[in-house]
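> How does the following fold in three dimensions:
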Amino acid sequence: MASVPESDDVASRFGANLRLHRRAAGLTQEDVAFLASVHRTEIGLLERGRRTPRIDTLVRVATAVSVSPTDLLDGITWELPTTNEGRIKIVSREDE
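Below you'll find the predicted structure:
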């Protein structure tokens, strides 16, 4: 499988994961949209990191590309707060 580009942005990382799994499944964006019952432009927006999915959309899109929702969230973690606030962290491939 091709590697996913590193990013500090949750939406971009999710989009890269989605694109990777969609291509591995041999599906077009339109195929995934049909199978997930979302508008075809939604898949493009998700893959380009222009939008983050709602939980129900995450589950439908993951099912459409035959992976678990956690596969689409690969590399996206929450760092526990050490002071007042936590933060989302994108894990690099070397750290996994």
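
> Where does the residue nearest to the spatial centre of the chain sit: helix, strand or coil?
The centroid of the chain falls nearest to Phe14 when counting by CA atoms, centre = their mean (2.4 Å). Following DSSP: H, G, I helix; E, B strand; the rest coil, we place Phe14 in the helix state.

> could we number from 40 for the rest of this?
In the new numbering, first residue 40, that becomes Phe53.

> now for the helix or strand where Arg99 lies, which elements pack on it?
Using DSSP states H and E, Arg99 sits in helix 94-103. Using 3 or more CB pairs under 8 Å, 6 or more residues apart in numbering; DSSP states H and E, the elements in contact with helix 94-103 are helix 68-75, helix 79-86, helix 108-111. (Glycine included, C-beta is placed from N, CA and C.)

> right, so those helices: which one is the most enclosed?
Stretch with highest mean neighbour count among the helices and strands packed on helix 94-103: helix 79-86 (a mean of 19; mean count of other CB atoms under 10 Å).

> what about the helices and strands packed on helix 94-103, which gets the closest to Val98?
With CB to CB as the measure, helix 108-111 is the member of those nearest Val98 (5.6 Å).

> re the thing from before, how near is the residue nearest to the centre of the chain to Arg126?
Using CB to CB, to the nearest Å, Phe53 is found at 16 Å from Arg126.

> Next: Ile82.
28 Å.

> swap in Thr91?
16 Å.

> Give me the more crowded residue out of the two.
Per other CB atoms under 10 Å, whichever of Thr91 and Arg126 has more neighbours is Thr91, with 15 against 10.

> Could you double-check that that one sits in contact with Arg52?
No. At 10.1 Å, Thr91 does not count as touching Arg52 under the criterion of CB atoms under 8 Å.

> Could you check how many residues crowd around the closest residue to Val106 other than its chain neighbours?
Once flanking residues are discounted, Val106 sits nearest to His60: 5.0 Å by CB to CB, 6 or more residues apart in numbering. His60 is flanked by 22 other residues according to other CB under 10 Å.
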